[in-house]
Structure formats: C-alpha cells, structure tokens
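S.K.: model this:
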Amino acid sequence: MPRHPMMGLCTALFLFLGVGSVASAVEQGAGTVTLVDGAQVEAEVLFEHPAVERLIVRSPEHRTVQSLDLEQVHAVTVNGRTTTYADRRELSEPERIERERNGLWGDEAGEGQLGRYARESWDPRPLLVWAQPGTSGDAMDAANWLDEHGEPLAEMPWQEGQRGRRRSAGRAFDGDVLLPAAADTYEVLQPGQRDHLEPVALRHLTVEANASYRVRYTVHGNLWVKDDAALGKGTQTGGLGSGDTNKHTFARFCNYHDEPEHQDAVPPENRWAYAPIISHWVRIDTGEQGSLEIVGQSRGPSDRATLRRGQLIISKDSYLGNGPRGSFYNEPGTTVVLLDGARIGSPMALNSNNRATYGIGGTLLFGHPDKPLTRDLIFSATHFPKDEIQPDASPADRTSGASFVLGPEGRMVVHSVDPARARVVFRPRSRLLPVSQYAVDREYWRHIDRRGDTYYPPKPEFWELPDIPTGVAAVFRGQTDFNGVHFDGFYEHGIVVRAQDRQRWQNVTFGDHNYAERGKLFRDLEP
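M.R.: The predicted structure is shown next:
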C-alpha cells in the first residue's frame with residue numbers, strides 16, 4: 001500500500017535517535033482529513049507520531065483528541081497543501097467494525113443523546129501524547145511524553161490541583177492527554193500503592209486500543225475510551241465532570257465488546273453487564289449548571305458511583321454501573337436522566353442483604369422533555385429481604401431499607417411519548433451473569449449450564465428460577481410524578497408511598513410475578 005515517502009524516514013530517525021528527534025511531513029493547522037473510504041473529518045492536524053504510524057488530530061472546537069491510523073488516511077489538506085498517504089479503497093471488515101464502534105469523533109452527538117456536549121467550545125490547551133505506544137511506562141516521567149508539536153517533553157507541566165467538594169488537591173495538568181492505539185498492549189502507570197496515590201486532574205482524556213491509563217484520574221473535560229482500551233485499573237478513585245466551570249461534557253465508552261465469547265450467551269439488551277470497571281469509586285461533579293453524558297457501556301467503579309453536583313445523563317442504550325458494595329446515589333439538588341434503554345446501578349447482587357440498588361436523593365428523570373421514552377425502560381433492582389424493609393429509609397452512598405429508595409428531597413418523573421406502551425418497569429434484576437461475578441450460593445449452581453470456564457443461568461429472569469429469592473421493595477418518600485409505570489416482583493406491602501401521592505398516578509399496571517394482589521402491594525407512608 002503506498003505510503004507517504006517521509007513516513008518510513010521519520011520512523012527510522014525516531015528508532016535511531018530516540019524520542020529526542022521528531023520530524024513530521026504533514027502541514028499543521030486546521031484542515032480536512034480524507035479517509036481511504038471517502039469519509040472526511042474536519043480537524044486540527046497536529047503531527048505524525050514518530051513511533052507509530054498514526055496521525056495526531058484534535059476536533060475543531062477542541063472538544064477531544066485522537067490518533068488516526070495512517071493506513072486509513074488517504075489525504076490531509078491544511079492551508080491549501082495536500083499530503084497524500086494511502087490509496088482510496090473500501091474498509092476491511094475489521095476496520096469497518098472498529099469505525100462503527102468508535103465513531104469518527106467522540107464529540108459527535110448521536111440521535112439517542114441530549115448532546116449538550118457537542119455545542120461546547122473549548123480553548124486551546126497543551127497536549128500530552130504517549131511517546132512509545134505499545135511500551136508501558138511511568139506516567140509521572142516527562143521522558144515518556146510528547147507535546148502537542150510532537151516534541152519530547154522536558155518536564156511534567158504540573159500545577160497544584162484545585163481543592164473541590166470532597167476532593168483532595170493533588171496534581172493538575174491544564175490540558176489534554178492521549179494514549180494512541182498500538183499493536184501491543186501497554187499501561188501508563190502511576191507508581192505507588194493504590195490507596196495512597198494522589199489524584200491527577202486533567203481536561204480531556206482519550207485512551208485508544210491496547211492502551212490502559214492506570215492513573216488516579218479526575219477528568220474535567222471529555223473522556224473517550226475507545227474499543228479495546230482500559231481506564232483506571234487498580235485506582236482508588238476516579239473523578240468525572242467539569243466542576244466549577246459548569247461545562248457540558250461526555251464520557252464515551254466503546255469497549256463493552258471486550259469479551260466476544262459472551263456474545264452468544266448473553267442477549268444484546270443485557271451485554272451491559274460485561275462492561276469493564278473504571279476505578280474503585282467514581283465521584284461525578286458537573287457544577288451546578290453543567291452536565292455529564294454517558295455514551296456507551298461502563299461498569300463504573302468496583303464500589304460506589306455518586307453524583308455530587310449537577311446533572312448526569314445516561315444516553316440511549318447506555319449504562320453506568322457500580323460495584324456490589326454500595327448503592328448508586330445522587331445527592332439532593334442533583335439530577336439523573338435516563339433515556340431510552342439506559343441503566344444505572346450494580347449489575348450484580350449486593351454484598352449486604354439490606355442494601356439498596358439505588359438511593360435517589362435528588363431528581364431522577366425517566367426520559368426527558370426533549371427526548372421522552374419511546375419504549376419500556378427497565379428499572380430493575382436486586383432481591384431485598386421483606387422483613388428488613390424500612391419505611392423511613394434515606395438515600396446515601398450505601399442506602400439500606402429497600403431495593404429502590406427515593407429520599408424526602410427526591411423526585412421521580414416520567415416523560416413518555418405514550419404512557420401506555422413506553423413505561424418505566426420496576427422489577428427484579430435479571431441475572432444474566434456468570435456465577436463467578438454474582439452473589440449466588442452454591443446450592444443454586446445446579447440450575448446453571450457450564451459453557452467453557454464460565455457459568456450461565458439457562459433462563460433469563462429471577463422468577464423463572466423458583467427457589468432463588470426474587471422479591472423487591474420500594475420506598476418513595478419524595479415526589480413521584482408517575483404517568484406510565486409497571487410494577488412486577490414486589491412483596492405484599494412492598495411499595496411504601498403516601499396514599500395521596502399514588503392516587504395521582506396515571507397509567508399504572510402490575511405484572512404477574514407480584515407477591516400479592518394490587519390492593520395489597522401498597523403500604524401507606526405517614527404524611
């Protein structure tokens with residue numbers, strides 16, 4: 001395949017001289033990149049990477065950064081000068097799949113997203129690019145990085161971190177970070193013991209195929225984790241959201257396809273359960289007026305996910321989870337928006353029997369006025385012991401008292417195009433998960449089919465395995481604007497709510513797996 005004549009020379013010079021000498025044949029500046037299949041992207045062209053044959057580019061409004069495989073780049077035009085690389089051709093099947101999963105740009109809003117982030121403009125900022133993709137190294141060592149011009153970094157551009165709400169200062173970099181794709185896996189590491197690593201704040205972060213960013217991160221801008229990439233492995237905390245700058249940002253995850261052996265065993269609507277973990281605890285702070293939109297599938301933290309300030313949007317068919325030690329929690333004054341097919345919370349049974357899957361302290365919107373639900377949205381929780389229901393339960397990081405808990409300051413609202421067919425379905429959680437990742441006693445393993453080294457239930461729902469406890473309970477102490485909800489799998493007296501509140505509900509239906517007749521499902525909450 002024809003390549004630009006300077007590419008081989010640049011690579012040879014890099015290997016001979018090391019990172020200390022960098023050359024780039026491409027014109028730098030705002031321009032157009034034409035890919036081999038004819039697709040075009042507007043971009044700020046930065047440089048050809050000297051160690052891997054990839055082109056480093058930024059999106060026009062400085063919303064994100066990425067690298068492009070030069071085998072898929074036909075031509076680059078900047079300031080009227082065109083640099084030609086590979087011949088025009090159709091994409092191979094692996095290239096087509098990669099393009100489909102990652103998209104052309106992470107900051108392009110899709111049809112099923114609110115997409116506020118796509119209207120944000122960001123100022124130009126410095127950039128750090130990993131100098132040796134495919135080779136692991138110390139993220140704190142300047143010798144392992146290139147700057148936005150492709151030049152070796154002389155020293156790390158650290159500033160003192162800003163102390164924020166429940167956030168330590170640590171170090172900060174007022175710029176963006178890119179880990180380019182490589183043929184070999186590599187890790188960008190922060191040395192030290194997990195619990196004692198200081199946080200490192202930055203603006204935008206992009207992690208590409210075979211790269212792993214193992215730094216205690218706080219991403220104040222946009223996060224793009226491409227297919228076959230990893231984030232936050234072994235880190236104590238992760239931070240997302242713009243904080244006091246009140247920006248609209250995204251966190252795009254393209255890597256829930258990591259385990260293709262699961263694809264035949266797990267239906268598409270449940271593959272969210274296999275998304276990877278991104279730290280031990282994730283705190284989200286978007287500022288009072290900002291927002292963070294999750295695009296794609298992320299298991300989130302291995303412990304707790306907490307919305308501290310602002311608005312969190314889970315876009316169409318996307319997922320942000322958390323581990324089995326705590327509840328998904330949003331503080332009073334915050335808002336979570338679930339669009340069509342969106343999910344939150346732990347995909348597995350919680351380690352403590354009396355712990356809730358969700359603690360809603362603020363507002364939870366099912367659908368949005370601009371994007372109402374067009375189909376049933378499954379809002380499921382794991383089993384909760386009937387004798388431990390607490391009518392006065394309050395939401396927190398580790399909520400207890402029911403499967404679903406809406407706090408006294410909280411509010412749940414349904415926005416639907418048709419409340420009769422596009423409903424919120426409250427029900428027990430499906431258990432389409434390997435037993436090794438699920439808190440199921442060994443006595444239940446007799447129900448499980450063994451496929452390879454992983455155990456899968458032969459049936460999709462809790463209630464199809466009669467000796468596994470299935471009941472769930474809800475405590476609604478806050479405001480419930482329900483028009484289009486369906487309850488299934490609830491105990492007798494398992495829905496705790498004020499009588500006058502539920503009398504205002506509309507289009508409420510009940511499933512066949514409840515533990516009592518409709519009239520006996522409710523327990524009146526004292527005014």
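S.K.: just for this structure, where's the confidence low?
M.R.: 1-24, 161-169, 256-274, 349, 430-469 (pLDDT under 70).
S.K.: And the residue most central in space within it, how far from residue 282?
M.R.: Closest residue to the average C-alpha location of the chain: residue 298 at 4.0 Å, with CA atoms, centre = their mean. Distance, residue 298 to residue 282, by CB to CB, to the nearest Å: 9 Å. C-beta: built from backbone N, CA, C; applies to glycine.
S.K.: all helices for the chain, in order.
M.R.: 5-17, 93-102, 499-502 (DSSP state H).
S.K.: Return the residues in contact with the closest residue to the residue nearest to the centre of the chain other than its chain neighbours.
M.R.: In this structure, residue 298 finds its nearest non-sequential neighbour in residue 253, 4.4 Å apart by CB to CB, 6 or more residues apart in numbering. For residue 253, the contact set (CB atoms under 8 Å, 6 or more residues apart in numbering) comprises 225, 275, 294, 295, 296, 297, 298.
S.K.: and residue 253, what are its bridge partners?
M.R.: Counting by DSSP bridges, residue 253 is bridged to residue 225, residue 296.
S.K.: intersection of neighbour lists for residue 298 and residue 282?
M.R.: Overlap of the contact sets of residue 298 and residue 282 (by CB under 8 Å, 6+ apart) is empty.
S.K.: The residue nearest to the centre of the chain against residue 251, yeah?
M.R.: Yes: look at residue 298 against residue 251 with CB atoms under 8 Å: they come within range, at 7.2 Å.
S.K.: what touches both of the two?
M.R.: By CB under 8 Å, 6+ apart, the residues touching both residue 298 and residue 251 are residue 225.
S.K.: what does stretch 498-516 contact?
M.R.: Residues from elsewhere that reach stretch 498-516, judged by CB under 8 Å, 6+ apart: 419-420, 423, 427-428, 463, 470-471, 476, 479-480, 482-495, 518, 521-522, 524-527.
S.K.: Tell me which residues of that stretch come out buried.
M.R.: Buried positions in stretch 498-516, judged by neighbour count with 16 or more other CB atoms under 10 Å: 498, 501, 502, 507, 510, 513, 514, 515.
S.K.: among the residues you listed, which two are most distant?
M.R.: Between any two of the buried residues of stretch 498-516, the greatest separation by CB to CB is 25.2 Å, found for 498 and 513.
S.K.: For residue 60, list the residues it contacts.
M.R.: By CB under 8 Å, 6+ apart, residue 60 lies in contact with 30, 42, 43, 44.
S.K.: Strands - which of the buried residues of stretch 498-516 land there?
M.R.: Under the assignment DSSP state E, the buried residues of stretch 498-516 contribute 507, 510 to strands.
S.K.: okay if I get the buried residues of stretch 498-516 as TSV plus distance to residue 129?
M.R.: As requested, those are exported to TSV (distance: CB to CB, whole Å):
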residue	distance to residue 129
498	57
501	55
502	56
507	53
510	56
513	53
514	56
515	58
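S.K.: which among the buried residues of stretch 498-516 gets closest to residue 338?
M.R.: residue 507 (17.9 Å).
S.K.: Tell me the spacing between the residue lying closest to the closest one once chain neighbours are set aside and residue 160.
M.R.: Spatial nearest neighbour of residue 507, chain neighbours left out: residue 419 (3.9 Å); criterion: CB to CB, 6+ apart. Using CB to CB, one gets 52 Å for the distance from residue 419 to residue 160.
S.K.: same question, residue 282
M.R.: Separation of residue 282 from residue 160 (CB to CB) stands at 23 Å.
S.K.: more crowded one of these two?
M.R.: When neighbours are counted by other CB atoms under 10 Å, residue 282 and residue 160 differ, and residue 282 comes out ahead with 28 against 9.
S.K.: can you pull the contacts of that one?
M.R.: By CB under 8 Å, 6+ apart, the neighbours of residue 282 are 237, 238, 239, 240, 300, 301, 304, 305, 306, 322.
S.K.: Just read off the phi/psi values of the last one.
M.R.: So that's residue 322. With angles defined as degrees, to the nearest 10, residue 322 sits at phi -160, psi 170.
S.K.: What's the local residue count around it?
M.R.: Residues lying near residue 322 (other CB under 10 Å) number 28.
S.K.: same check, this time on the one 4 residues further on
M.R.: A total of 25 residues lie near residue 326 under the criterion other CB under 10 Å.
S.K.: do you know how far the closest residue to it other than its chain neighbours is from residue 296?
M.R.: Of all residues not flanking residue 326 in the chain, residue 304 sits nearest, at 3.8 Å (CB to CB, 6+ apart). According to CB to CB, residue 304 and residue 296 sit 21 Å apart.
S.K.: The two - which one has more neighbours?
M.R.: Neighbours were counted for residue 304 and for residue 296 using other CB under 10 Å; residue 296 has more, 25 against 22.
S.K.: from what I can see the more buried one touches residue 250, true?
M.R.: No: using CB under 8 Å, residue 296 makes no contact with residue 250, being 9.7 Å away.
S.K.: Quick check: closest non-adjacent residue to residue 333.
M.R.: residue 362 (5.6 Å).
S.K.: now residue 199
M.R.: Using CB to CB, 6+ apart and skipping the chain neighbours, the partner closest in space to residue 199 is residue 170 (3.7 Å).
S.K.: show me what contacts that neighbour?
M.R.: Per CB under 8 Å, 6+ apart, neighbours of residue 170: 161, 198, 199, 200, 201, 216, 218.
S.K.: Present those residues as JSON lines; the columns should include neighbour count and distance to residue 208.
M.R.: Output for the contacts of residue 170, formatted as JSON lines (neighbours: other CB atoms under 10 Å; distance: CB to CB, whole Å):
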{"residue": "161", "neighbour count": "18", "distance to residue 208": "26"}
{"residue": "198", "neighbour count": "12", "distance to residue 208": "26"}
{"residue": "199", "neighbour count": "21", "distance to residue 208": "23"}
{"residue": "200", "neighbour count": "23", "distance to residue 208": "19"}
{"residue": "201", "neighbour count": "23", "distance to residue 208": "21"}
{"residue": "216", "neighbour count": "26", "distance to residue 208": "20"}
{"residue": "218", "neighbour count": "26", "distance to residue 208": "20"}
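S.K.: Can you add distance to residue 150 and give those back as CSV?
M.R.: CSV is the format used below for the contacts of residue 170 (distance: CB to CB, whole Å):
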residue, distance to residue 150
161, 27
198, 29
199, 28
200, 23
201, 24
216, 27
218, 27
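S.K.: From those, which land in strands?
M.R.: 200, 201, 218.
S.K.: give me the beta-bridge partners of the first one?
M.R.: For residue 200, the beta-bridge assignment (DSSP bridges) gives partners residue 171, residue 217.
S.K.: does it really touch residue 220, like I thought?
M.R.: No: between residue 200 and residue 220 there is no contact under CB under 8 Å: 11.4 Å.
S.K.: For the stretch 301-450 of the chain, which segments count as strands?
M.R.: Ranges of strands in the stretch 301-450 of the chain, per DSSP state E, counting those that start in this stretch, are 311-314, 319-320, 328-330, 335-338, 343-344, 358-360, 363-366, 377-381, 404-406, 411-414, 424-428, 449-451.
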